[in-house]
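Colleague: here are the coordinates; sequence isn't available:
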């Protein structure tokens, strides 16, 4: 559900401090006479310093090659809209694929890289509950709505064999469940039932389904990552501990990139527990100051990730960051500062 989030970056706070100090100096001078003014004169004061926010710091151009589909926020802010674009990691080749009033969100590539599935929230709504699932060719042509009639669906993702698409759908008031559908729009089946005791806007709703190489579907549920068979059997919890806002499974299925809510960081952890988390962005709110929800996406070889805002609660987007899976080599795609939900083209 799109809901505006605001967060003032450390840099903007630092800009306010000198002004506040100056006001305090004038107040003391007027109350305490010349001796007070002299003791607090500008020459005697030290200006507070702050490191610039990473979101405003120049970063190198990525050396990782590849094409990224993403949602580009147009006219950022509540009442704006988002379109699906592609761009090369070095900033070249920027191209709009799906432009329409409303929000075109959550692009996901077919395994052969020939098509993109995404969801659409029509103009006049900013609610993910109203989204429908669409598919188009990689060049933006041949757009087809997959969910029939008034059928809803969001966060679509392709199966490894390209034959099915998983997505979430509102099943009960304010409760989501995971469904699968054939790539041609036929064969709709429910996979899960809504999790009990959840409330929207707290990252407890079921969302962000993704397929594992072994054919299972991973999803975010009750703030943790679960795995389930496409027929709904075998639901098991993979992660434990700190609440997770967003996640992405590595191509080999062995690691998960997660955004931890409590510590506000993006880290890579083993998919089946254990190990030491590898921090990629910390704190996320410094890198994504307006929409502080991070959506990571793995390169095909699993060596690096693209990270941008998640539109789950956002209207603004962020820079499109690239970082190695070991936490090194932070860079940013030039010219992109309003990106959400990146996805690397597999071929």
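Modeller: That came through, no problem. Computed from a predicted structure; not experimentally measured.

Colleague: OK, contacts around the nearest residue to residue 75 once chain neighbours are set aside?
Modeller: Spatial nearest neighbour of residue 75, chain neighbours left out: residue 81 (6.6 Å); criterion: Cβ to Cβ, 6 or more residues apart in numbering. Glycine gets a C-beta too; all of them are placed from N, C-alpha and C. By Cβ atoms under 8 Å, 6 or more residues apart in numbering, the contact set of residue 81 is 73-75, 100-103, 123.

Colleague: can we see that at 10 Å?
Modeller: Counting by Cβ atoms under 10 Å, 6 or more residues apart in numbering, residue 81 touches 71-75, 99-104, 121, 123, 126, 315.

Colleague: Check residue 66 too.
Modeller: 88-90, 299-301, 304, 306, 322, 344-347.

Colleague: Show me the residues you listed that map onto strands.
Modeller: Counted as lying in strands by DSSP state E, out of those, are 88, 304, 306, 322, 344.

Colleague: I'd like the distance between the third one and residue 182.
Modeller: Think residue 306. In this view, residue 306 and residue 182 are 29 Å apart by Cβ to Cβ, to the nearest Å.

Colleague: Give me the more crowded residue out of the two.
Modeller: The neighbour comparison of residue 306 against residue 182 (other Cβ atoms under 10 Å) goes to residue 306, with 26 against 14.

Colleague: Do I have it right that that one meets residue 88?
Modeller: No - contact between residue 306 and residue 88 fails when scored by Cβ atoms under 10 Å: they sit 11.7 Å apart.

Colleague: Which neighbours do the two have in common?
Modeller: 62, 66, 68, 333.

Colleague: what's the most distant pair in the residues you listed?
Modeller: 66 and 333 (10.6 Å; Cβ to Cβ).

Colleague: Now the common contact residues for these two.
Modeller: 88-90, 306, 322.

Colleague: So which of those residues is the closest to residue 160?
Modeller: Nearest to residue 160 out of the shared contacts of residue 66 and residue 333 is residue 306 (Cβ to Cβ; 20.2 Å).

Colleague: For my notes, confirm residue 59 occurs in a strand.
Modeller: No - applying DSSP: H, G, I helix; E, B strand; the rest coil, one finds residue 59 to be coil, outside a strand.

Colleague: Run through the residues that contact residue 232.
Modeller: Going by Cβ under 10 Å, 6+ apart, residue 232 touches 177-178, 180, 189-193, 217.

Colleague: one step back: now the ones in strands among the contacts of residue 66: which count as buried?
Modeller: For those, a neighbour count by 16 or more other Cβ atoms under 10 Å gives the buried set as 88, 304, 306, 322, 344.

Colleague: Skip the chain neighbours and tell me the closest residue to the third one.
Modeller: Nearest in space to residue 306, with sequence neighbours left out and distances taken as Cβ to Cβ, 6+ apart, is residue 342 at 4.1 Å.

Colleague: Residue 210 versus the residue nearest to residue 75, what's the distance?
Modeller: For residue 81, the distance to residue 210 - Cβ to Cβ - is 25 Å.

Colleague: With residue 332 instead?
Modeller: From residue 332 over to residue 210 the distance is 24 Å, taken as Cβ to Cβ.
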